[in-house]
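Asks: Build me a model:
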Amino acid sequence: MKEKETVAEPADRQIASDAQVLSAQLAALRGRLFPPSAQKTLRPFTSGEAAKLIGVSDGYLRQLSISGEGPSPEIGAGGRRLYTLADVNALRRHLAAQGGAKARHYIRHRQPGEHLQVIAITNFKGGSGKTTTAAHLAQYLALQGYRTLAVDLDPQASLSALFGYQPELDLTGNDTLYGAIRYDEERVALASVIRPTYFDGLDIVPGNLELQEFEHTTPQHLVRRAQTGGDLFFARVQQAILSVEANYDVVVIDCPPQLGYLTLSALCAATSVVVTVHPQMLDVASMSQFLFMTADLLSVVREAGGALNFDFLRYLITRYEPNDGPQTQIAGFLRTQFGERVLTAPMLKSTAISDAGLSKQTLYEVGRENFNRATYDRAYEALNAVNAEIEALMAQSWGRRA
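Replies: From the prediction side, this is the model:
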């Protein structure tokens, strides 16, 4: 007897089913990792870590605690003093309030005349470390005391996931930047979209698939604008960010991995750009095409009246393995071609960063005790070197001494 043939499920239903299964498992994983509220929190810092962040000695911090100045630390096992990032920032404000030449050393906020720094992290080839770079840079700047806004402009929302948001569960309509740049009457103020994170001083504009709507509706807007006039599409992200500029010192934008209207708008809003490059020949060839396409599109924007004066444009070598001969050759090739526009410090490929990512965390969130210490220290120092270099470029653009 001939067996009855199994009727294949339509592809759209099969994919939708897989998406639902995966989403449910991710939600369950988050519930196990971050109970009971399933919200991420940032670990406390030891007195030594807190002192280093503030820029004082551990002994001085201990003396402040003994004399009752500033917030009281939590006392952990063995009498260890533990500080939250909010405590660290409160101590910065306390020390700055005492005045003197070091006041500005403790509070690094923008001063009058210093413009908002908007840094776009971009490349249209996936796997270049773009989101990892954006997340660690935003967290580093918050740890240094800058008022920071992270913007997830990627519909895949990897940056949002790192910060504890599961897009299909935690976000509804108008919860992304699209809500503030859309073309219809449902447009909202960016301030209503911004959400706090578990890093004191760091907020986020989360992303999800809704962002893709901007790619679909912009061509329709361009047709209408040709007939009736109207605003320029590429200025909308910039206008949205400027509406909240008084609240921040720096904005870090994680761009989509393609050169569409969202990425183009982010580049037009940016005051600085970091292009991530994985040192493999195919990735470098891809970057070449990315640069050609970007140059062509930005020239059209400039001719239409857009301002494209970056404080700095830098290439960041990511996922770098120093013992890999071909990678070292390609890194040297890039430095020969672009000179100082290639950041001196590369972002190392590290199992510490990968292992932290398994629990949707970054290296700034996990404790050193959870890793092989040599591996952790090597990755941590590399991250800090990259981010400190970008911080120095920010300071230079403000006319400050690094």
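Asks: tell me the contacts of the residue lying closest to residue 313 once chain neighbours are set aside?
Replies: Closest residue to residue 313 in three dimensions, ignoring its sequence neighbours and counting by C-beta to C-beta, 6 or more residues apart in numbering: residue 273, at 4.9 Å. From N, CA and C alone the C-beta is placed, and that goes for glycine too. Remark: with contacts taken as C-beta atoms under 8 Å, 6 or more residues apart in numbering, residue 273 is in contact with 119-120, 122, 267, 310, 312-314.
Asks: in the stretch 101-250 of the chain, what spans have low per-residue confidence?
Replies: Residue ranges of the stretch 101-250 of the chain with pLDDT under 70: 101-103, 125-126, 226-231.
Asks: Is residue 203 in a helix, a strand, or coil?
Replies: Counting by DSSP: H, G, I helix; E, B strand; the rest coil, the backbone at residue 203 sits in strand.
Asks: ok, how many other residues are close to it?
Replies: Taking other C-beta atoms under 10 Å as the neighbour definition, residue 203 ends up with a count of 21.
Asks: ok, now residue 111?
Replies: Around residue 111 there are 12 residues (other C-beta under 10 Å).
Asks: and it, what does it touch?
Replies: When contacts are taken as C-beta under 8 Å, 6+ apart, residue 111 is in contact with 104, 398.
Asks: What separation is there between it and residue 94?
Replies: Distance, residue 111 to residue 94, using C-beta to C-beta, to the nearest Å: 20 Å.
Asks: what ranges do the strands span in the stretch 1-150 of the chain?
Replies: 45-46, 74-75, 81-83, 117-122, 148-152 (DSSP state E, counting those that start in this stretch).
Asks: quick one, which of the ones you listed is nearest to residue 338?
Replies: With distances scored as C-beta to C-beta, the stretch of the strands of the stretch 1-150 of the chain nearest to residue 338 is strand 117-122 (15.7 Å).
Asks: Which elements pack onto the helix or strand hosting residue 282?
Replies: Under DSSP states H and E, the secondary-structure element containing residue 282 is helix 281-303. Helix 281-303 sits against helix 261-269, strand 272-277, helix 325-338, with contacts defined as 3 or more C-beta pairs under 8 Å, 6 or more residues apart in numbering; DSSP states H and E.
Asks: Figure out which of those is closest to residue 353.
Replies: Smallest distance to residue 353 across the helices and strands packed on helix 281-303 (C-beta to C-beta): 13.9 Å, for strand 272-277.
Asks: now the closest one against helix 281-303, angle please.
Replies: Using axes from the mean of the first three to the mean of the last three C-alpha atoms, to 10 degrees, the direction of strand 272-277 lies 160 degrees away from that of helix 281-303.
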